[in-house]
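In: Requesting a structural model of the entry that follows:
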Amino acid sequence: MFVRWQDAFSFFGRDYPHTAAPADVIPANVVPVDVVDDQYWKYFGFIVVAAFLMRLACYTGLVASDDMGYSHFAQLIALHQYRPELHHYALRYGLIIPVGVMYELFGVREWTTIILPLLASTASVPAVMLIAEKLFSRRVALLSGLMVATFPVALRYATILVPEPLAEFYALLGILAYLYWGGSHPELAGALTGICIGVAYLTKEPALFIAPALMIDALAMRRWRLFFGLSAGILSVVSAEHAYYLLVTGDLLFRPHAMVVHNQTAEVLKANQHVFWRLFKVYPKMMIRPSLSSGLHSLFTLLLLIPAFLWLNFKKSRIPVLWALLPLIYLNFGTSSFQRYWLLPADERYILFIYPPLFMLAAEFMLRLGARKPRTAPFMAFVFTVVLISGFYCGFVTRAQGWRTGAVSELRTIAESARDENLHLVAYAGNQPEEWRQALSILDHDLQPDADSGTADIVIAPDDLGEPSVVASRKNVAGGAGVPVASQPFF
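Out: Okay, the predicted model is just below:
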């Protein structure tokens, strides 16, 4: 069917903006206003598939940073050698346990390291759309899904082993249970919601502050059984965690004690050097200023939210507002210590899960604006398209950038060459980060460390730029013996 370009902008309005004629006299070449409902699941599926493909296109993989810490504890779980340690990486159970299971089933590989964040980030897109459909409408759902699918922060971290993608997904599952089953099965829905948010908390602690948003909503609607079910679900997870600590370590307060150690790390100390800057400028600057990390999504959304609060019904918007606001307040103003006011480090990925509700509110405002003022629809459609395209562009150009991705790229080449040459022992010379060793063991699990550089098949040391380089190698010959070829390039 031929579609006039003007009719595409009717998507941004609830009512058909171009004609007041009855349905039976609308020309055949004009798309009816309910086309979104008719084609909703096709659009839905297209957005999910596109989100997955965009995340693959923005692939990063190993970064030899925090991901190596999480991978270390996941490997201990896979080997059944895990014990709680006074390190916050060791307590991110919603991340390290599933990755540990992947390692045990399929081995320690790069793809088993990043597959769960990738799937969780992709699955968050349909979850957000289902939530938006329940709270607002199908059009809001599709617009919100497009925003989440192209959000540069989500694209960048979808293929890196960090807890935020999984924590976001667990929390979204809880909100889905709350919205879809809260009315018909309040106790069960509340318990499932509480458990999901509890697991999200065990993945990334600030996710716990989504629970008060739902509790306030349940109390406001006088859904007491839903409220108590939610409370019971969260308490069951927290109780099980601390009972485990008591059983294994004899320390009921093992997590707070681990945070005491965490609070002495360089990252936390740096966050508390300039308190005013950290409190009032870091996150506002991060959210307002366009960058390759956040694209235009955050600024565009915040600009729409300013007038949105004057138009939107608070009762209808209560969950998204509280869902975004309460975790953000904790992340910005909260403390990680019970003894003193000790600010949390700030980073763009830490606020990843506050954006889906903001995208929903922005989408609802765009549709209301298009319905009230149809002439704004072409402009809004154009700006929205620019935001989406720029988001994917930012995610694509920042792939495999930052951290120690340059070193990982060199190590990946070394691992491939070692497999081709059938080499199995590696030694390290000079000073290099421990993460190099961990990354190489994931990239080539057959390449075993050797303390003696004289017997190792290859020796790796930092080059003049500080990147990993092979300084000596022993290539296998016909009889299987290794022959030193230190003067010959390894690859």
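
In: can you list the domains in the protein?
Out: Domain assignment for the chain by automatic domain parsing gives 5-34, 40-397, 405-484.

In: Among those, show me which one is buried the most.
Out: By mean neighbour count, with neighbours taken as mean count of other CB atoms under 10 Å, domain 40-397 ranks first of these at a mean of 19. All C-beta atoms are positioned from the backbone trio N, CA, C, and that covers glycine.

In: roughly how far out does it sit from the chain middle?
Out: 6 Å (CA atoms, centre = their mean, to the nearest Å).

In: Which stretches in the stretch 351-491 of the chain count as strands?
Out: 425-428, 448-449, 458-462, 468-476, 482-484 (DSSP state E, counting those that start in this stretch).

In: What's the mean pLDDT across the host helix or strand of A132?
Out: Here A132 is covered by helix 110-135, with elements defined by DSSP states H and E. Helix 110-135 shows a mean pLDDT of 97 in the predicted model.

In: Show me what that helix is packed against.
Out: helix 40-57, helix 93-106, helix 138-150, helix 152-157, helix 164-181, helix 314-333, helix 355-372, helix 434-443 (3 or more CB pairs under 8 Å, 6 or more residues apart in numbering; DSSP states H and E).

In: re earlier: do you know which of the strands of the stretch 351-491 of the chain lies nearest A141?
Out: strand 468-476 (46.2 Å; CB to CB).

In: What helices and strands are in contact with that closest one?
Out: Looks like strand 468-476 contacts helix 405-421, strand 458-462, strand 482-484 (3+ CB pairs under 8 Å, 6+ apart).

In: list the contacts for E164?
Out: Contact partners of E164, counting by CB atoms under 8 Å, 6 or more residues apart in numbering, are 157, 204, 349-350, 352-353.

In: If we only consider the residues you listed, which is nearest to T335?
Out: Using CB to CB, the contacts of E164 come closest to T335 at Y350, 14.8 Å.

In: Would you mind measuring from the closest residue in space to the closest one that isn't next to it in sequence to H72?
Out: Computed as CB to CB, 6 or more residues apart in numbering, the closest residue to Y350 that is not its neighbour in sequence is L331, at 5.8 Å. Going from L331 to H72 by CB to CB, to the nearest Å gives 26 Å.

In: and if you look at I319?
Out: For I319 relative to H72 (CB to CB), the value is 37 Å.

In: Other residues contacting stretch 122-139?
Out: Identification of contacts with stretch 122-139 by CB under 8 Å, 6+ apart yields 11, 14, 36-37, 40, 44, 47-48, 51-52, 55, 140-142, 144-145, 148-149, 154, 158, 165, 168-169, 172-173, 175-176, 179-180, 316, 319-320, 356, 359-360, 363-364, 367.

In: got the contact list for S441?
Out: Going by CB under 8 Å, 6+ apart, S441 touches 108, 447, 449.

In: circling back: can I get the helices and strands packed on helix 110-135 in JSON lines with distance to E85?
Out: Shown next, in JSON lines, are those (distance: least, CB to CB, whole Å):
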{"stretch": "helix 40-57", "distance to E85": "31"}
{"stretch": "helix 93-106", "distance to E85": "11"}
{"stretch": "helix 138-150", "distance to E85": "34"}
{"stretch": "helix 152-157", "distance to E85": "24"}
{"stretch": "helix 164-181", "distance to E85": "20"}
{"stretch": "helix 314-333", "distance to E85": "25"}
{"stretch": "helix 355-372", "distance to E85": "32"}
{"stretch": "helix 434-443", "distance to E85": "16"}
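
In: Next, format the ones you listed as JSON lines and append distance to S294 and mean pLDDT.
Out: As requested, the helices and strands packed on helix 110-135 are exported to JSON lines (distance: least, CB to CB, whole Å; pLDDT from 0 to 100):
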{"stretch": "helix 40-57", "distance to S294": "16", "mean pLDDT": "97"}
{"stretch": "helix 93-106", "distance to S294": "23", "mean pLDDT": "98"}
{"stretch": "helix 138-150", "distance to S294": "12", "mean pLDDT": "97"}
{"stretch": "helix 152-157", "distance to S294": "6", "mean pLDDT": "96"}
{"stretch": "helix 164-181", "distance to S294": "14", "mean pLDDT": "98"}
{"stretch": "helix 314-333", "distance to S294": "15", "mean pLDDT": "94"}
{"stretch": "helix 355-372", "distance to S294": "9", "mean pLDDT": "94"}
{"stretch": "helix 434-443", "distance to S294": "26", "mean pLDDT": "92"}
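
In: Out of these, which gets nearest to G402?
Out: Of the helices and strands packed on helix 110-135, nearest to G402 by CB to CB is helix 152-157, at 9.0 Å.

In: re the thing from before, between the helix holding A132 and helix 93-106, how many degrees?
Out: 130 degrees (axes from the mean of the first three to the mean of the last three CA atoms, to 10 degrees).

In: Next, the angle from helix 110-135 to helix 405-421.
Out: Going by the same axes, to 10 degrees, helix 110-135 makes 130 degrees with helix 405-421.

In: So that it lines up with my notes, have the first residue be 26 from now on.
Out: Yep, numbering from 26; the last one is helix 135-160 now.

In: so helix 135-160 versus helix 163-175, what angle?
Out: Going by the same axes, to 10 degrees, helix 135-160 makes 160 degrees with helix 163-175.

In: In contact with A371, which residues?
Out: 296, 303, 307-308, 311, 356-357.

In: thinking again about what came up before, compile the strands of the stretch 376-516 of the chain into CSV and extend it with columns for mean pLDDT and distance to V408.
Out: Shown next, in CSV, are the strands of the stretch 376-516 of the chain (pLDDT from 0 to 100; distance: least, CB to CB, whole Å):
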stretch, mean pLDDT, distance to V408
strand 450-453, 90, 52
strand 473-474, 88, 54
strand 483-487, 91, 47
strand 493-501, 78, 45
strand 507-509, 44, 62
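
In: For the ones you listed, could you give me TSV that also reports distance to T274?
Out: Listed next are those as TSV, based on distance: least, CB to CB, whole Å:
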stretch	distance to T274
strand 450-453	33
strand 473-474	30
strand 483-487	37
strand 493-501	37
strand 507-509	46
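
In: before we move on, back to that, for F234, find the nearest of the helices and strands packed on helix 135-160.
Out: Closest among these, once you apply CB to CB, is helix 339-358, at 4.3 Å.

In: Can you tell me how far L213 is from A202?
Out: From L213 to A202 the distance is 8 Å (CB to CB).

In: Just confirm H105 is within a strand.
Out: No - when classified by DSSP: H, G, I helix; E, B strand; the rest coil, H105 is found to be coil rather than part of a strand.

In: Just put the helices and strands packed on strand 493-501 in CSV and tack on distance to A333.
Out: CSV is the format used below for the helices and strands packed on strand 493-501 (distance: least, CB to CB, whole Å):
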stretch, distance to A333
helix 430-446, 38
strand 483-487, 52
strand 507-509, 68
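
In: F252: which of those is closest?
Out: Per CB to CB, nearest to F252 of the helices and strands packed on strand 493-501: helix 430-446, 45.7 Å.

In: So for I220, which of the strands of the stretch 376-516 of the chain sits nearest?
Out: In terms of CB to CB, the element of these nearest to I220 is strand 473-474, at 40.6 Å.

In: I'm done for today, thanks for sticking with me.
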